[in-house]
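*Asks:* Dropping a prediction and its sequence here:
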Amino acid sequence: MLVDTISLELYAHTEDWRRNGQMFLHEDFWMLRLFDIRNREFLFSSQPYRMQENRVVWVRKGRASYSFNLVDYVFEEGDLVVFYADTLVEKKWHSPDFQFDAFRYEPEQLEDERVRSNGQASFIRLRLDEDSQRVVSQHFDLMWQLVHQKPFPVDNVRLLTRSLLLYANRKHAPQSAKPVVNRRDDVLRRFVSLVSQYAGRERNIPFYADRLCMAPHYLSTFVKQSSGRTVMQWINQTAVKEVKVWLAYSDETAAQISERLYFPCPASLTKFFKRETGMTPGQYRHSIGRG
């Protein structure tokens, strides 16, 4: 089982942040306001992380770069981001003044509001104009007031969350409805999305070619010409990230991880991981302070 280090970090410093007025916690719900990430290591440095919760983040100040499902993005002041569970995340950098508001929500509450792009969506990022930022600010302000009511008004919070997600969907709809101008970019995007989702257990070219309705040899040529990397480079590099996630955020042994990720045996996992990283799984776990 993967450990959600972000939630652990939040709950480990509850009183400090409550005194600073930065955080609210109630059972399975949390909310952050003008949160300063500089002094908190939510993620191990350069370490992939598999998102365990659905989250909404509003960037209030500064800039940051994260990789989501193998693609790098820069988030700036005013951006509204909706994350979905199971997204593969990697922190790149953030500016010294980076701050954000955020809260988590239950997926079953809002499954109908999930924004989808060809059936494969891990998050949406909205660049908001001033009018839209005012609407988002009103939602966050009201939610912050509501969560401090006693008893906790769970239904009101859910309705307000639903309202904000519906607003984000409405803003995102024109963008997602645009016809694909560059088919090459669209196919590559779908390939990368499939790899990020399945490379932990599917490490063969025919699987991805079949999903994309392409011949394996054509997919190999297309990916190499479009990205500069081969299909197997994409698959192997992503599989390595998946192994790193389990080494960093679980207590499972290499044998358990090899079984989970469909390697023939623990020795096969060790050989693969050392070939790609220069370290055995045990050496890697020790290098990040988990050994």
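*Replies:* Good, I have the coordinates.
*Asks:* alpha carbons only for contacts and neighbour counts from here, please
*Replies:* Noted.
*Asks:* And the pLDDT at Ile257?
*Replies:* The per-residue pLDDT reported for Ile257 equals 95.
*Asks:* got a list of what it touches?
*Replies:* 243, 246 (Cα atoms under 8 Å, 6 or more residues apart in numbering).
*Asks:* Confirm that it sits in a helix.
*Replies:* Yes. Applying DSSP: H, G, I helix; E, B strand; the rest coil, one finds Ile257 inside a helix.
*Asks:* please renumber so the chain begins at 49
*Replies:* Done: numbering now begins at 49, and the last item shifts to Ile305.
*Asks:* Would you check how far apart it and Asn102 are?
*Replies:* 25 Å (Cα to Cα, to the nearest Å).
*Asks:* And for His187?
*Replies:* Taking Cα to Cα as the measure, His187 falls 18 Å from Asn102.
*Asks:* With Lys292 instead?
*Replies:* Taking Cα to Cα, one finds Lys292 at 22 Å from Asn102.
*Asks:* ok, and what's touching stretch 322-331?
*Replies:* Residues outside stretch 322-331 that contact it (Cα under 8 Å, 6+ apart) are 284-285, 288, 295, 302, 318-319, 321, 339.
*Asks:* Hmm, I typed the wrong one, I wanted stretch 177-193.
*Replies:* The contact list for stretch 177-193 (Cα under 8 Å, 6+ apart) reads 79, 126, 149, 205, 208, 212.
*Asks:* Could you do stretch 265-277 as well?
*Replies:* Under Cα under 8 Å, 6+ apart, the answer for stretch 265-277 is 232-233, 236, 253, 257, 278-279.
*Asks:* Just the ones of these in strands?
*Replies:* Judged by DSSP state E, strands contain none of these.
*Asks:* ok, and the most crowded of the residues you listed?
*Replies:* Using other Cα atoms under 10 Å as the neighbour test, those are led by Val279, with 23 neighbours.
*Asks:* so who does it touch?
*Replies:* Counting by Cα under 8 Å, 6+ apart, Val279 makes contact with 253, 267-268, 271-272.
*Asks:* where in the chain is pLDDT low?
*Replies:* The chain contains residues with pLDDT under 70 at 49-69, 85-94, 155-170, 221-229, 339.
*Asks:* quick one on the thing from earlier: the contacts of stretch 265-277: which two are farthest apart?
*Replies:* Asp233 and Ile253 (19.0 Å; Cα to Cα).
*Asks:* Whichever strand or helix holds Trp106: how far from the chain's middle?
*Replies:* Following DSSP states H and E, the helix or strand that holds Trp106 is strand 102-109. Here strand 102-109 is found 12 Å from its chain centre; the criterion is Cα atoms, centre = their mean, to the nearest Å.
*Asks:* which helices and strands sit right next to it?
*Replies:* strand 119-124, strand 127-131, strand 147-153 (3 or more Cα pairs under 8 Å, 6 or more residues apart in numbering; DSSP states H and E).
*Asks:* Present those as JSON lines; the columns should include mean neighbour count and distance to Asn217.
*Replies:* Below are the helices and strands packed on strand 102-109 laid out as JSON lines (neighbours: other Cα atoms under 10 Å; distance: least, Cα to Cα, whole Å):
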{"stretch": "strand 119-124", "mean neighbour count": "16", "distance to Asn217": "18"}
{"stretch": "strand 127-131", "mean neighbour count": "21", "distance to Asn217": "10"}
{"stretch": "strand 147-153", "mean neighbour count": "20", "distance to Asn217": "16"}
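*Asks:* Relative to Arg249, which of those is closest?
*Replies:* Minimum separation from Arg249 across the helices and strands packed on strand 102-109 (Cα to Cα) falls at strand 119-124, 20.0 Å.
*Asks:* For the closest one, list the C-alpha coordinates in PDB.
*Replies:* Extracted C-alpha coordinates of strand 119-124, given in PDB (Å, rounded to 0.1, in the frame of the first residue of the first chain):
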ATOM      1  CA  VAL A 119       4.700  16.100 -19.200                       C
ATOM      2  CA  ASP A 120       6.200  19.200 -17.700                       C
ATOM      3  CA  TYR A 121       3.900  22.200 -16.900                       C
ATOM      4  CA  VAL A 122       4.600  25.600 -15.400                       C
ATOM      5  CA  PHE A 123       1.900  27.000 -13.000                       C
ATOM      6  CA  GLU A 124       1.600  30.700 -12.400                       C
END
